Each structure stands twice: as C-alpha cells, then as structure tokens.
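Asks: Here you go, sequence then predicted model.
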Amino acid sequence: MRINGKSILITGAARGLGRELANLLDKEGCRLVLVDRENINLNNYRNAKSFFCDLGDFSERKRLIEETQKPDILINCAGIGSHSQLSQLSVDEVERVMQVNTLAPLELIAGLSPLELVVNIGSVAGEMNLPSMSLYAASKTSIHAFTRAIQLEGARTLLVILGPLRGTDFAQSIAHPRAGQPKWYRDLDLDAEKAARLIVSGIKNGRRELIAPWWYRGVFILARWAAPLVGFYNSRKG
C-alpha cells in the first residue's frame with residue numbers, strides 16, 4: 001500500500017508508540033490528525049493537525065467523529081492498562097478501561113468508515129490468559145475478535161498484537177507484575193520505535209496481522225496449555 005499523501009488519524013499520539021508512529025508517518029509524507037488528551041507539539045511535524053480528545057468520554061468521541069474529516073487510514077493506538085484481580089476491580093476501572101480500549105476504537109471505526117485501512121493495536125494479553133489482567137485482556141480480546149470479523153466482511157485491516165514496549169508510560173502503568181521477572185526476560189521487551197517501524201512496514205506490505213516480538217506465537221501455545229493447570233492450582237490454594 002502506498003501511504004505517501006494519505007490522511008491518517010492516530011489516537012494516543014502524544015506519547016509512546018503513537019508518537020513514534022506519527023514521527024515515522026510524517027517522514028513518509030502522510031497528512032496526520034493526531035488525537036490525544038494531552039497537547040501535542042506540532043512543530044515536530046511537517047503536515048499535521050492535533051485534536052484534543054479524552055477517548056474515555058462518549059461526548060468527546062462523538063465530537064471527534066463529527067468534527068474530523070474522514071481519514072484514509074485510522075490507527076487505534078490509545079490504550080490504558082489494568083492490573084487488578086477480580087476482588088479488586090471497581091466499576092469505575094471497568095468503565096474506564098472498556099471505554100478507552102474497546103468502545104472508542106469500535107465507535108471510531110463505525111463513525112469514520114468507509115476507510116481504506118484500519119490498524120488496531122492489540123496485545124498479547126488478548127491472546128492468552130494472564131492472572132490479574134482479566135479486564136485488560138477482555139478489552140483487547142474484543143478488539144482482536146472485531147478486527148478479524150470485519151476482515152471477513154471485506155474491510156482492510158491490520159491487527160497488531162504487541163508484547164510489552166520498553167520505556168513507555170503505558171508499560172509502566174502495568175509493569176509492577178513484571179518487576180520480579182529476570183532482567184534478561186524484561187530486556188526482550190520491544191523498543192517503541194522498533195515496534196512503530198514494524199507497523200509501518202506492515203501497512204506498506206499489506207499485512208493483515210502482525211505479532212511482535214514474533215516469538216510470542218510460541219508463548220500463546222504454551223500459555224493456553226498451562227492455563228488449566230494455573231487455574232487448578234489457584235483453586236486448590238484458595
């Protein structure tokens with residue numbers, strides 16, 4: 001797919017992966033609409049507009065859809081983490097995570113279609129069972145299922161399934177369960193810029209699905225095999 005001159009809307013564009021994607025796509029000659037609840041310095045871009053929007057607020061999402069010219073490509077990159085066991089979950093946390101991670105992308109896809117391409121940033125948590133990440137996993141599993149379903153309807157999509165990204169605010173928001181893991185394992189985390197380059201390459205090459213790091217394919221198989229054993233152990237311990 002040729003992306004030079006394409007109009008691209010990126011959510012979560014102020015920091016982390018969203019900012020890295022914006023930087024790369026700006027260099028590719030794309031026209032950008034950068035959406036975030038933080039102010040974005042447009043001096044860093046050649047052809048970009050910013051749109052202030054809290055994606056956790058339905059009225060602001062509606063305003064974004066109504067006031068934004070339909071782009072050629074939509075990249076749903078904004079997301080928030082959650083690391084709470086069932087006994088710790090609050091209604092407010094459920095509401096916020098599902099609004100930002102699930103409802104916002106689905107509403108933007110519906111409201112801005114037809115689109116030449118939809119890029120949805122998913123997570124390895126949406127492909128395997130992870131203790132204490134049930135809510136986050138649910139929000140991402142929904143995105144994975146929706147993306148694969150609309151592919152069957154003929155929509156052009158790229159589902160990006162990412163492991164943790166090194167050094168981002170998002171990674172830090174859910175990092176504490178990984179604090180006890182060995183350094184060599186945490187060092188396998190992808191750099192956000194490298195992840196962005198893989199995604200831009202996937203867009204250009206017409207990929208439908210991208211898993212990064214690639215070796216998570218094997219982790220998915222192991223996690224699904226181990227999940228019943230973990231559940232049995234926790235039930236016996238309780």
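Replies: Nice, I can see it.

Asks: for the nearest residue to Gly29 once chain neighbours are set aside, what are its contacts?
Replies: Among residues not flanking Gly29 along the chain, Asn4 sits closest, at 4.2 Å (Cβ to Cβ, 6 or more residues apart in numbering). (Glycine included, C-beta is placed from N, CA and C.) Neighbour list for Asn4: 28-30 [criterion: Cβ atoms under 8 Å, 6 or more residues apart in numbering].

Asks: Please enumerate the strands of this protein.
Replies: Using DSSP state E, the strands assigned to the chain run over residues 7-11, 31-36, 48-52, 73-76, 117-123, 157-162, 165-166, 190-191, 209-212.

Asks: could these go into a markdown table alongside distance to Met98 and mean neighbour count?
Replies: Converted to a markdown table, the strands of the chain look like this (distance: least, Cβ to Cβ, whole Å; neighbours: other Cβ atoms under 10 Å):
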| stretch | distance to Met98 | mean neighbour count |
| --- | --- | --- |
| strand 7-11 | 15 | 24 |
| strand 31-36 | 19 | 24 |
| strand 48-52 | 22 | 17 |
| strand 73-76 | 14 | 26 |
| strand 117-123 | 14 | 24 |
| strand 157-162 | 19 | 23 |
| strand 165-166 | 22 | 18 |
| strand 190-191 | 25 | 16 |
| strand 209-212 | 23 | 18 |
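
Asks: between those strands, which gets the lowest average pLDDT?
Replies: Per-stretch mean pLDDT for these is lowest at strand 165-166 (a mean of 82).

Asks: how far out from the middle of the chain is it?
Replies: Distance of strand 165-166 from its chain centroid, counting by Cα atoms, centre = their mean, to the nearest Å, is 13 Å.

Asks: next one: stretch 140-151
Replies: Relative to its chain's centre, stretch 140-151 lies at 12 Å (Cα atoms, centre = their mean).

Asks: Show me where the chain has its helices.
Replies: With DSSP state H, the ranges of helices along the chain come out as 16-27, 58-67, 91-98, 104-112, 134-152, 169-173, 183-186, 192-204, 216-237.
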